[in-house]
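> Structure of the sequence below:
(one chain, ligands or ions: 1)
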Amino acid sequence: MTEMSFLSKTLLRPDLAVHVAIPAALLALYAFASGDSYMTYLATAGAISYVLTASFNLVFGYAGIFSLASIAFYGIGAYASVYAENQWGMPFWLSFPFAMLVASVFAAILIFPTSHLRDIFIAIVTLGFAVTAIEVFAQWDEVTGGAGGIYLIDPPSIGSHTFLGGDPSYLLFSLFVVWAVGELTWRISRSGFGRKLIALRETPRALAASGVNDAKIRFAVFVLSGALAGLAGALYAHFQLIISPEAFSISRLIELLLATVIGGAGTFLGPFLGVLVLILIDEVGARMGDLEPIVYGVAVIVLMSVGRHGVANLLARAWQQWSPVRPTVSSATSATVSKLDEEVLTPEGLDSSRPLLVVEDVTVQFGGVRAVSGVTLALQAGEVVGMVGPNGAGKTSLFNSITGEVTPTSGDVLFAGRSILNDAPHQRRKRGIGRTFQLPSLVPDLTLVENVMLGGEIRARAGLLRQSLFSRVARADDRSRRAEALALLDELGLGDRARGRASDQPYGVQRLTEIARSLMLSPALLMLDEPGAGLTEDERGHLAGVIEHLRRRHLTVIVIDHNVSFVASISDRMVVMDSGELIADGAPKDVLQVERVVGAYLGSEAAAHG
Ligand SMILES: Nc1ncnc2c1ncn2[C@@H]1O[C@H](COP(=O)(O)OP(=O)(O)OP(=O)(O)O)[C@@H](O)[C@H]1O
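This is a model prediction of the structure:
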């Protein structure tokens with residue numbers, strides 16, 4: 001291999017580039033800064049800011065949880081490490097994990113009042129927590145030293161070496177922590193855990209559709225982010241050797257927000273770049289005397305208007321234009337249904353002696369609206385059932401009461417002979433009930449194959465911790481999930497688009513990808529809510545072929561659609577709903593003759609079909 005091809009191959013493989021470029025950059029920074037005390041100070045402060053920003057980037061940037069409590073966890077980590085050393089004589093190297101533990105315990109507690117909140121409401125509750133914590137830091141004299149702060153009695157040392165805050169050795173230690181945190185975030189961003197965080201941020205429904213408990217993902221990222229903020233706090237305390245409440249103020253929180261957003265929230269490089277840009281703005285501003293706040297403000301406004309998704313995304317776009325390797329996305333869903341492989345889907349353990357699904361006298365009431373009224377329905381394994389009915393007939397409400405998104409007001413739903421009413425949606429996915437939504441619920445920022453891989457997460461052998469570390473088992477999981485997802489996409493005729501971003505795909509492709517994601521669950525029952533909506537004639541034809549393929553594989557399928565001819569052509573049996581009631585149930589040709597069906601809903605279309 002020539003030197004050039006090695007270089008270009010390394011650059012084009014992000015893993016290698018990160019493992020080489022980040023440590024090299026950190027070592028270069030150390031070599032550059034360690035000769036000068038001011039630069040050493042600046043670089044160490046920057047390293048600490050990076051760790052704090054990376055912790056916030058995980059919870060806000062990746063997971064989309066607008067938690068402002070990071071500043072409190074930062075303070076808690078700082079005080080906890082100093083307190084443990086001063087009061088209990090805890091060694092320096094133990095006080096760091098202790099700080100992480102204490103901060104993560106607070107994070108674990110705070111997740112409860114915020115678990116059902118979103119966006120600005122989370123921001124308000126966590127801001128309340130941050131303000132309270134800042135007040136406690138300033139007032140709890142016995143522990144925090146109150147407004148005057150506390151000193152670390154013994155500077156950190158290992159063996160005979162003392163790490164004084166402004167020393168090059170402390171800078172080296174801080175850069176080591178930066179490397180470790182960077183490595184962790186890189187691994188997370190590559191792993192199934194990272195994909196689940198992005199799904200949580202953009203399309204939480206995609207998690208439920210994949211059988212993933214979003215509460216668990218929220219909890220994990222909140223606690224992890226709290227622990228990293230605590231680590232930043234301990235690093236800060238040992239850098240300054242004195243800590244006082246001003247270090248954990250609201251203006252520090254605003255700096256943290258700015259660093260995250262300017263760098264590029266939800267990107268790996270964002271925290272590095274955000275901190276660097278803020279330091280540069282600070283340094284330039286400091287030379288401008290009274291104009292400093294104006295320089296700061298103007299710089300932030302300019303940066304945000306040039307690229308509101310942050311510097312990292314600007315660089316990524318520039319790199320994509322420069323890079324010789326471009327993703328290839330063909331223009332049409334060209335593959336034919338004949339490509340569908342007979343071996344792909346074989347539902348296991350089906351008991352054909354009893355219905356797979358029984359809906360017993362289910363009523364769904366939304367306030368004064370009775371969306372479903374005493375519906376009883378049984379589905380045999382292997383049936384393809386089409387469900388039609390006018391707008392507002394209650395089809396989706398009935399669907400949702402089977403899949404768990406809606407709890408029936410009365411009645412029961414049995415799957416494989418067992419009531420599933422108490423199961424959460426993600427648990428029903430695990431039991432074998434796959435579903436798609438009326439509006440496609442793919443994660444726009446992930447590729448198609450990554451979206452489909454989400455459906456296989458419930459079979460992952462590696463837990464969240466091993467996924468975060470992207471361990472050997474997690475990598476092996478990932479490889480096999482990717483291969484399965486690619487095979488499924490190929491089966492559905494989407495192989496050539498697998499690496500395209502979901503948001504760039506036409507509706508038809510997105511709908512089929514949702515089906516592929518559901519199939520990753522190896523469901524016994526697949527429920528498709530208007531899979532044909534918004535599709536072209538060609539795409540509809542392709543969809544009909546896919547459903548026929550599922551039927552041949554003995555998968556039980558329920559399809560809602562408004563196009564009666566389409567439903568009649570793909571189903572073994574048709575059910576018709578009107579005003580919350582089931583008004584017909586039988587073979588398509590018989591149902592289309594039922595007077596109430598023809599009169600109440602189908603009109604000329606049914607007559608034409610009949
Ligand atoms: N979450 C909700 N809150 C209040 N009313 C609701 C809710 N969901 C559905 N409804 C109402 O319940 C009735 C049935 O709606 P549903 O969406 O189940 O019908 P549908 O047959 O699926 O209609 P469409 O074909 O238009 O999707 C409608 O009157 C609807 O407005």
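> For Ala232, what is the enclosing helix or strand?
Using DSSP states H and E, the element containing Ala232 is helix 214-240.
> which other helices and strands contact that helix?
Contact analysis of helix 214-240 by 3 or more Cβ pairs under 8 Å, 6 or more residues apart in numbering; DSSP states H and E lists helix 37-56, helix 70-88, helix 92-114, helix 168-190, helix 192-202, helix 204-209, helix 464-468 as its packing neighbours. Every C-beta, even on glycine, is put in place using the N, C-alpha and C of the backbone.
> And Leu543, how far from the ligand?
Per Cβ to the nearest ligand atom, to the nearest Å, Leu543 is found 18 Å from the ligand.
> and if you look at Thr44?
The spacing between Thr44 and the ligand, counted by Cβ to the nearest ligand atom, is 53 Å.
> do Val102 as well
In terms of Cβ to the nearest ligand atom, Val102 sits 42 Å off from the ligand.
> Now do the contacts for the nearest residue to that residue once chain neighbours are set aside.
Computed as Cβ to Cβ, 6 or more residues apart in numbering, the closest residue to Val102 that is not its neighbour in sequence is Ala80, at 4.0 Å. By Cβ atoms under 8 Å, 6 or more residues apart in numbering, Ala80 lies in contact with 95, 98-99, 102-103, 230, 233-234.
> quick one: contacts for the residue lying closest to Met90 once chain neighbours are set aside?
In space, not counting the residues next to it along the chain, Met90 is nearest to Ala84; the distance is 4.0 Å by Cβ to Cβ, 6+ apart. By Cβ under 8 Å, 6+ apart, the contact list for Ala84 reads 90, 94-95, 98-99.
> pLDDT wise, what is Ala84 at?
For Ala84, the pLDDT comes out at 94.
> coming back round to it: check the helices and strands packed on helix 214-240 for me and report the most buried one.
Mean neighbour count (mean count of other Cβ atoms under 10 Å) peaks for helix 70-88 among those, with a mean of 26.
> after the helix or strand where Val546 lies comes which helix or strand?
In this assignment (DSSP H and E), Val546 forms part of helix 537-552. Downstream of helix 537-552, the next assigned helix or strand under DSSP H and E is strand 556-560.
> now the contacts of Ala84 in CSV, with pLDDT and distance to Tyr50?
Conversion of the contacts of Ala84 to CSV gives the following (pLDDT from 0 to 100; distance: Cβ to Cβ, whole Å):
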residue, pLDDT, distance to Tyr50
Met90, 91, 25
Leu94, 93, 23
Ser95, 94, 20
Phe98, 97, 22
Ala99, 97, 17
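> In CSV: these, plus distance to the ligand.
Converted to CSV, these look like this (distance: Cβ to the nearest ligand atom, whole Å):
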residue, distance to the ligand
Met90, 53
Leu94, 52
Ser95, 51
Phe98, 47
Ala99, 45
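> in the stretch 151-300 of the chain, what residue is nearest the ligand?
Scanning the stretch 151-300 of the chain for the residue nearest the ligand gives Arg205, at 14.1 Å (criterion: Cβ to the nearest ligand atom).
> For that residue, list the residues it contacts.
The contact partners of Arg205, taken as Cβ under 8 Å, 6+ apart, are 437, 441.
> try 6 Å
Arg205 makes contacts with Ser441, as judged by Cβ atoms under 6 Å, 6 or more residues apart in numbering.
> Ok, Tyr296 next?
With Cβ under 6 Å, 6+ apart as the criterion, the residues that contact Tyr296 are 281, 285.
> can you check Leu253 too?
Shown in contact with Leu253 (Cβ under 6 Å, 6+ apart): Ile71.
> Just the local confidence number for it, please.
90.
> Now it: which helix or strand?
Assigned by DSSP H and E, Leu253 belongs to helix 250-263.
> Using PDB, write out every CA atom in the helix or strand that that helix is followed by.
Next along the chain after helix 250-263, taking DSSP H and E as the criterion, comes helix 270-286. Listed next in PDB are the C-alpha coordinates belonging to helix 270-286 (Å, rounded to 0.1, in the frame of the first residue of the first chain):
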ATOM      1  CA  GLY A 270     -19.200  19.600  18.300                       C
ATOM      2  CA  PRO A 271     -18.000  19.900  21.900                       C
ATOM      3  CA  PHE A 272     -14.300  20.100  20.800                       C
ATOM      4  CA  LEU A 273     -15.100  22.800  18.200                       C
ATOM      5  CA  GLY A 274     -17.600  24.700  20.400                       C
ATOM      6  CA  VAL A 275     -15.100  25.100  23.300                       C
ATOM      7  CA  LEU A 276     -12.400  26.100  20.900                       C
ATOM      8  CA  VAL A 277     -14.500  28.700  19.200                       C
ATOM      9  CA  LEU A 278     -15.600  30.200  22.600                       C
ATOM     10  CA  ILE A 279     -12.000  30.300  23.800                       C
ATOM     11  CA  LEU A 280     -11.000  32.100  20.600                       C
ATOM     12  CA  ILE A 281     -13.900  34.600  20.900                       C
ATOM     13  CA  ASP A 282     -13.000  35.200  24.500                       C
ATOM     14  CA  GLU A 283      -9.300  35.800  23.700                       C
ATOM     15  CA  VAL A 284     -10.200  38.200  20.900                       C
ATOM     16  CA  GLY A 285     -12.800  39.900  23.000                       C
ATOM     17  CA  ALA A 286     -10.300  40.300  25.900                       C
END
